[in-house]
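Trainee: got a structure for you, letters missing:
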């Protein structure tokens, strides 16, 4: 029997992926791009349509990263 473990999405900096720009782990999706979508008011459905490789909790990971990197006012930055 194989046990599957859910891995929580996170934003990482990997010099082998997109230089050193923060991306959602396991993708080439830049966190700043998702952040721009959120700041512009796009719904999650549209973001996932444009970035199908984004994991289901990828938007949540970007929000957590934005709060850590930009503070609670990240939507206005």
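Mentor: Arrived safely. Remember, predicted model here, so these are calculated numbers, not experimental data.
Trainee: quick one, strands of the chain?
Mentor: 11-12, 23-24 (DSSP state E).
Trainee: what bits of the protein have low per-residue confidence?
Mentor: 1-6, 77 (pLDDT under 70).
Trainee: hmm, 80 instead?
Mentor: 1-7, 18, 77 (pLDDT under 80).
Trainee: I'd like to know which elements the longest helix anywhere in it is packed against.
Mentor: Scanning the chain for the longest helix, with DSSP state H as the assignment, gives helix 58-70. Applying 3 or more Cβ pairs under 8 Å, 6 or more residues apart in numbering; DSSP states H and E, one finds that helix 58-70 contacts strand 11-12, strand 23-24, helix 31-39. For glycine as for every other residue, the C-beta is placed from the backbone atoms N, C-alpha and C.
Trainee: ok now that helix, how far from the chain's centre?
Mentor: How far helix 58-70 lies from its chain's middle: 7 Å, per Cα atoms, centre = their mean, to the nearest Å.
Trainee: of all the strands of the chain, which one is nearest residue 45?
Mentor: Proximity to residue 45 (Cβ to Cβ) singles out strand 23-24 among the strands of the chain, at 17.1 Å.
Trainee: and the closest one, what does it pack onto?
Mentor: By 3+ Cβ pairs under 8 Å, 6+ apart, strand 23-24 packs against strand 11-12, helix 31-39, helix 58-70.
Trainee: residue 63: how many residues sit nearby?
Mentor: 17 (other Cβ atoms under 10 Å).
Trainee: still on that earlier bit, need the helices and strands packed on strand 23-24 in CSV (columns: distance to residue 52).
Mentor: Below are those laid out as CSV (distance: least, Cβ to Cβ, whole Å):
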stretch, distance to residue 52
strand 11-12, 18
helix 31-39, 13
helix 58-70, 11
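Trainee: centre-most residue in this structure?
Mentor: For the chain, the residue nearest the mean C-alpha position is residue 62 (3.7 Å; Cα atoms, centre = their mean).
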